[in-house]
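**Q** Sequence first, predicted coordinates after that:
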Protein chains: 2
Amino acid sequence: MSLFVQKYGGTSVGSIERIEAVADKVAAFRAQGHGMVVVLSAMSGETNRLIDLAYQIQEKPDPRELDVLVSTGEQVTIALLSMALKKRGYDACSYTGGQVKILTDNAHTKARIQSIDVERMRVDLDDGKVIVVAGFQGVDDDGNITTLGRGGSDTTGVALAAALDATECQIYTDVDGVYTTDPRVVDSARRLDRITFEEMLEMASLGSKVLQIRAVEFAGKYKVPLRVLSTFEEGNGTLISLDEEDNDMEQPVVSGIAFNRDEAKLTIRGVPDTPGVACRILAPVGGDNIEVDVIVQNISAVDGTTDFTFTVHRNDLSKAREVLERASAELGAREVITDDKIAKVSIVGVGMRSHANVASRMFNALGEDNINIQMITTSEIKISVIIDERYLELAVRALHSEFELSEKER
Amino acid sequence: MSLFVQKYGGTSVGSIERIEAVADKVAAFRAQGHGMVVVLSAMSGETNRLIDLAYQIQEKPDPRELDVLVSTGEQVTIALLSMALKKRGYDACSYTGGQVKILTDNAHTKARIQSIDVERMRVDLDDGKVIVVAGFQGVDDDGNITTLGRGGSDTTGVALAAALDATECQIYTDVDGVYTTDPRVVDSARRLDRITFEEMLEMASLGSKVLQIRAVEFAGKYKVPLRVLSTFEEGNGTLISLDEEDNDMEQPVVSGIAFNRDEAKLTIRGVPDTPGVACRILAPVGGDNIEVDVIVQNISAVDGTTDFTFTVHRNDLSKAREVLERASAELGAREVITDDKIAKVSIVGVGMRSHANVASRMFNALGEDNINIQMITTSEIKISVIIDERYLELAVRALHSEFELSEKER
């Protein structure tokens, strides 16, 4: 028999009817003899409702009290699911984060899990009980309630699976798995049966928002097999696991195409190319808590100056521009130009490691559709390009086809 | 400086605006240098909303899980009030029942407090913090969340006041104190400045529903001065305290007039008057969990039979009648008659102890208004009569006047 940790998100427990449906699913697994630990989010909308109450009182709600407040959302759903399981004749017991001693640091609203005491849960599992745990929350050393930040229930699920050495951590959500790319852009996008932790991290951070990044990192670190699947449809979802080198199936070169249009580009032109100039440009930007993504610097021109380009989130563009104008004046650069009509497209795949010419295939495919590449960055399992955002869909489709990701092309 | 425990009910914290108003009140006390512990109920309506969710799932919700569920209501209000106090520049810290170790037995949904660990609260009080505690809840020995039953927040307040040896436990509610009788019946009903625990118990159990009986018992047992006052109006409310014999003001004979019309009367006539007959009539009634209030048995008639009369809650009348019909048949009694058009009127006062003729003054006052007395019971500080419910208001007014309880008569 296996031990499964299943996490259901807010939409999955958004009403009494849906909680009953989750109880059916959990009961079916338990009926097969599996040990079951269930992690729940708050009913969809509830966390926002609570946060809204806090903001009606304080412009910047006290973080400790905010955690006391919002942690009630999950406490409601765990009680209700336990009742629904008992109604079905299955013994069940709900626990808050504090009750199963999910110990965290004291960084309220964004705490990190430090340890979990599994003793009580082991006893319950041995007794055949279904354990229902409130996601997203823990307690610090002094017994103060903490929360893990938005989406933290995924992390709770993975942490429990790691602590209990579970067979698999299953994340139930409103999509049926991880896709080769966004099906709204490419009709023939295909659900991946499996993907590695590394690939998932690159996909997630690039905009395929299925799982919380921290949960994937956590699962990778503790080697917890992670499965994403739909609460509302049958199916095996996508298994996120270690890269098994002895996999007898040949790895595809590229696993998926990620993209986003959240970024804006800033270029400082005609900067004297002296040692330390990159730092003198970027340090003030980082100092203002602006996150920089892609950075490109070209070799110097014949006049001894260089151009320096980077991207930031579009929301940070005006702030970044101010900082950069000041730096430009200090450095005696020629000008600062910005562009927020850009998009980033990435191909991701562990297969790249052992395949040459992946980059040239990518650039060629884009070139054939007359898509101009503005910036390029690469990592071992990912190549990203910045292009004019008007060509985003065209680029994604071209790459999806080039790397034969569609259902019909397998 | 004093230490006050203040409890605010659901109506007092029923909206963000009202929570802000409570924060103003608490802050004003704290600003005078008093130590402050605040106990809160859930926002009005919230507990019912949560219970309703449970009943949508289980016909008879699991008590352990019901406690997990409903205890979230108070957790929301304590966080919000702490935020409102911090906004006003007062340091505050919220605690659930479990966090301040309000240890109870494991009788879910109606648990009883066994102990409170005040160590953490003492540290906070020394630091000048306002402590905001979730009412109505605790934890059992195994860390399971328990609740004290409806209205249990009053009990939490009194228990905290006892454990912390507070100057006074102040119960803020939507009435401004305890009255000589219901002002809706007697215009000139007067708010009592003070009343003894014993009197309050008699008043409360007889229908002046201001405080939870258990809280009053608890306060009496631990000699915690208890004050009932209005959240919404200024005033000193009513202080409920020990009977101070050395009070230099003369005690009034009667402190108040209580009444209710929740009861129904059952009479079994022509019962052979043999030893043990009372038990043979009442045991089956009690065995069916029907609570019996007033019991009267007259001396035997010349034929050696007697009449036996008692009252029950009107909701239990038909069930009680069935039980009594069976007993009547077994005992060979003449008949069973019932009447649900009755009311109970009581005069309450510790002054009765030292005044003769209180009963005859009561009966005389009723007689002058031609009100027939159907049953009488007495205790040391209370005399109750059962009358036709049509005469209830008339009786209350007559007694209120007879014992000079009105404002103008003082």
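**A** Now that the structure is in, tell me what you want to look at.

**Q** Tally up the residues packed near the closest residue to chain B within the stretch 301-410 of chain A, please.
**A** Across the stretch 301-410 of chain A, the shortest distance to chain B (Cβ to the nearest Cβ) belongs to residue A:315, at 27.0 Å. The way it works is simple: take the backbone N, C-alpha and C, and place the C-beta from them, glycine included. Other residues within reach of residue A:315, judged by other Cβ atoms under 10 Å in any protein chain shown, total 11.

**Q** hang on, it in a helix?
**A** Yes: according to DSSP: H, G, I helix; E, B strand; the rest coil, residue A:315 belongs to a helix.

**Q** tell me the contacts of it?
**A** Counting by Cβ atoms under 8 Å, 6 or more residues apart in numbering or on different chains, residue A:315 touches no other residue.

**Q** How about the stretch 251-400 of chain A: which residue is closest to chain B?
**A** residue A:289 (24.7 Å).

**Q** okay, and for chain A, where does confidence drop off?
**A** By pLDDT under 70, the weakly predicted segments of chain A are A:150, A:205-209, A:244-251, A:408-410.

**Q** Quick one: name the residues of it near chain B.
**A** Residues of chain A lying near chain B by Cβ under 8 Å from any Cβ of the partner chain: A:16, A:19-20, A:50, A:53-54, A:56-58, A:61-62, A:64-66, A:68-69, A:71-72, A:75-76, A:78-80, A:82-84, A:86-87, A:93-94, A:96, A:98-99, A:143-145.

**Q** Out of those residues, list just those in helices.
**A** Judged by DSSP state H, those include A:16, A:19-20, A:50, A:53-54, A:56-57, A:64-66, A:68-69, A:72, A:75-76, A:78-80, A:82-84, A:86-87 as members of helices.

**Q** All the strands of the stretch 301-410 of chain A, residue numbers only.
**A** A:305-313, A:335-339, A:342-348, A:373-379, A:382-388 (DSSP state E, counting those that start in this stretch).

**Q** Those strands: which one's closest to residue B:152?
**A** With Cβ to Cβ, the closest approach to residue B:152 among the strands of the stretch 301-410 of chain A belongs to strand A:305-313: 49.3 Å.

**Q** So what angle separates the directions of the closest one and strand A:335-339?
**A** 30 degrees (axes from the mean of the first three to the mean of the last three Cα atoms, to 10 degrees).

**Q** can you map out the strands along the stretch 101-250 of chain A?
**A** Under DSSP E, counting those that start in this stretch, the stretch 101-250 of chain A gives strands at A:102-104, A:113-116, A:130-134, A:137-139, A:145-147, A:168-173, A:194-196, A:226-230, A:238-241.

**Q** list the helices and strands the fifth one packs on?
**A** Based on contacts counted as 3 or more Cβ pairs under 8 Å, 6 or more residues apart in numbering or on different chains; DSSP states H and E, the elements that strand A:145-147 packs against are helix A:63-70, strand A:137-139.

**Q** Ok, the last one next?
**A** Other elements packing on strand A:238-241 under the criterion 3+ Cβ pairs under 8 Å, 6+ apart are strand A:194-196, helix A:197-205, strand A:226-230.

**Q** May I see the buried residues of it?
**A** A:238, A:239, A:240, A:241 (16 or more other Cβ atoms under 10 Å in any protein chain shown).

**Q** Neighbouring strands - and their directions - for that strand?
**A** Sheet pairing for strand A:238-241, assigned by DSSP bridges, gives strand A:194-196 (parallel), strand A:226-230 (antiparallel).

**Q** Mind listing residues that contact the shortest one?
**A** Strand A:194-196 has contacts (Cβ under 8 Å, 6+ apart) with A:178, A:203, A:238, A:239, A:240, A:241, A:242, A:243, A:255, A:256, A:350.

**Q** Now that the third one has come up, it's in contact with residue A:203, right?
**A** No: between residue A:238 and residue A:203 there is no contact under Cβ atoms under 8 Å: 10.2 Å.

**Q** which neighbours do the two share?
**A** A:178, A:195.

**Q** Just say which of the strands of the stretch 101-250 of chain A is most tucked in.
**A** strand A:145-147 (a mean of 29; mean count of other Cβ atoms under 10 Å in any protein chain shown).

**Q** and the closest residue to chain B within the stretch 201-350 of chain A, how many neighbours does it have?
**A** Closest residue of the stretch 201-350 of chain A to chain B, Cβ to the nearest Cβ: residue A:231 (17.8 Å). Using other Cβ under 10 Å, residue A:231 has 20 other residues around it.

**Q** try residue A:141
**A** So residue A:141, with other Cβ under 10 Å, has 10 neighbours.

**Q** got it, and residue A:43?
**A** 23.

**Q** so who does it touch?
**A** Counting by Cβ under 8 Å, 6+ apart, residue A:43 touches A:10, A:13, A:14, A:15, A:73, A:76, A:77.

**Q** Pipe those into a markdown table and attach neighbour count per row.
**A** Converted to a markdown table, these look like this (neighbours: other Cβ atoms under 10 Å in any protein chain shown):
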| residue | neighbour count |
| --- | --- |
| A:10 | 24 |
| A:13 | 26 |
| A:14 | 18 |
| A:15 | 13 |
| A:73 | 28 |
| A:76 | 23 |
| A:77 | 29 |
